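*Asks:* Build me a model from this:
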Amino acid sequence: MGKSPKKNKVYDAFDLIAFAWDKKGILIGVTTLGAIASIIISLLMPEKFKSTVVLFPAASVSISKSLVETSSISMDSRDILSFGREEDAERMLQILNSNKIKEHIVSKFSLFTHYEIDMDPKNFPYTKLDNKYKSNIKYRRTEYQSIEISVLDEDPQYAANMANEIASYIDSTIHGMQKDRALEAYKIVKREYELSQLQIDEFSDSIQKIRSLGIIDYESQAAALNEAYASALSKGDNNAANSIKSRMNILARYGGVYVELSKKLESEIERLGMLKDKYAAAKINVEQTVPQIFIVDSAQVSEQKSEPVRSVIVMISTLSSFAFTLLLLLIIDNVKARSNSKKN
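*Replies:* The predicted structure follows:
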């Protein structure tokens with residue numbers, strides 16, 4: 001009996017070279033067509049120019065704590081001149097990818113018109129804009145914890161303007177977010193500060209009325225009146241004793257209130273001092289702003305296109321055409337070999 005034929009044809013390196021040489025006509029023809037097609041397609045692709053902004057996020061610190069407050073103690077040694085950490089960079093990336101930034105750029109640069117997007121709802125204009133936006137505008141965090149904003153556009157000036165505007169607007173966006181929160185804090189502290197002032201005025205007025213009755217220092221006056229009353233009684237001076245007794249009754253009636261109001265006034269004055277510091281700090285946080293980014297490189301108008309790299313496109317397409325054709329021929333040859341083995 002003869003040897004049974006192999007079910008599958010297996011190629012080693014030399015077989016593959018021999019097979020490719022045997023099919024060189026088809027391979028050269030298809031590869032040439034692929035190269036020509038890729039050249040035509042690459043020439044039809046619009047040229048895009050790239051502009052890039054590189055920036056560092058500033059450290060997330062309070063202006064008032066960093067510049068004004070002297071009583072606050074913190075383990076964080078960073079100030080307004082410090083670069084942000086990894087979490088600051090991640091936070092900034094989140095803001096850059098927000099709809100707030102996107103909507104501003106779309107509106108300011110009229111991207112629907114610029115990208116020539118048909119506004120007919122049947123053509124899904126917002127989906128097309130979103131795809132264009134994501135493909136042309138990219139953000140990334142570098143290994144040095146900086147943020148890179150890259151913008152591609154057929155107009156080099158447009159690309160530079162958009163990149164610089166994004167960098168500028170993120171600063172405004174962060175300020176806006178912080179100011180909204182700072183304003184609410186300012187309103188709360190301002191209200192408490194004004195209420196404390198009113199309380200102090202009320203306590204002061206009440207104490208002043210009691211003082212008009214002759215009560216100045218409850219403890220010392222009580223001791224002095226008791227001693228004088230006892231002395232008058234011992235001397236049998238009833239008129240003096242009655243006068244002293246009358247004053248003692250006033251002291252007994254209003255003395256406790258005087259002491260209580262004095263303690264409340266002292267406590268409220270101390271509280272007002274703390275609120276005054278907080279009020280001043282909150283006011284600074286609302287009224288003053290400092291840059292939230294350090295721009296290392298602003299976007300410049302590019303003189304050379306970034307995309308498409310036609311040589312790379314043609315080379316990859318040509319090699320892909322060759323590899324795909326060779327693979328297809330191998331599959332066909334293998335299928336034929338299996339068919340012949342079954343017939344035998």
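
*Asks:* For K138, list each beta-bridge partner.
*Replies:* K138 forms beta bridges with S150, as assigned by DSSP bridges.

*Asks:* Tell me if I'm right that it and S150 touch.
*Replies:* Yes - using CB atoms under 8 Å, K138 is in contact with S150, at 4.9 Å. (Glycine included, C-beta is placed from N, CA and C.)

*Asks:* Which one's more surrounded, these two?
*Replies:* Counted by other CB atoms under 10 Å, K138 and S150 do not tie: S150 has more neighbours, with 18 against 15.

*Asks:* and that one, what is it in contact with?
*Replies:* 50-52, 137-140, 163 (CB atoms under 8 Å, 6 or more residues apart in numbering).

*Asks:* what's the farthest-apart pair in the residues you listed?
*Replies:* S51 and R140 (14.8 Å; CB to CB).

*Asks:* Same drill for the two, tell me which one is more crowded.
*Replies:* Neighbour totals were compared for S51 and R140, and S51 leads with 24 against 11 (other CB under 10 Å).

*Asks:* what about the helices in this protein?
*Replies:* 13-22, 24-44, 63-67, 86-96, 99-108, 111-114, 125-136, 156-211, 218-235, 238-287, 310-343 (DSSP state H).

*Asks:* The ones you listed: which one's closest to V296?
*Replies:* The nearest among the helices of the chain, by CB to CB, is helix 156-211 at 10.4 Å.

*Asks:* In the stretch 101-250 of the chain, where is pLDDT below threshold?
*Replies:* For the stretch 101-250 of the chain, residues meeting the criterion pLDDT under 70 lie at 218, 229, 237.

*Asks:* ok so, going back, ok, the contacts of S150 vs L93, which is closest?
*Replies:* For the contacts of S150, the closest approach to L93 (CB to CB) belongs to Y139, at 5.8 Å.

*Asks:* I'd guessed the closest one sits against I149; true?
*Replies:* Yes - between Y139 and I149 there is a contact at 5.7 Å, judged by CB under 8 Å.

*Asks:* which residues do the two both contact?
*Replies:* Taking CB under 8 Å, 6+ apart as the criterion, Y139 and I149 both touch L96.

*Asks:* neighbours of the closest residue to A182 other than its chain neighbours, just the number please.
*Replies:* With CB to CB, 6 or more residues apart in numbering as the criterion, A182 has its nearest non-adjacent residue at 4.1 Å, and that residue is N285. Look at N285: counted by other CB under 10 Å, it has 21 neighbours.
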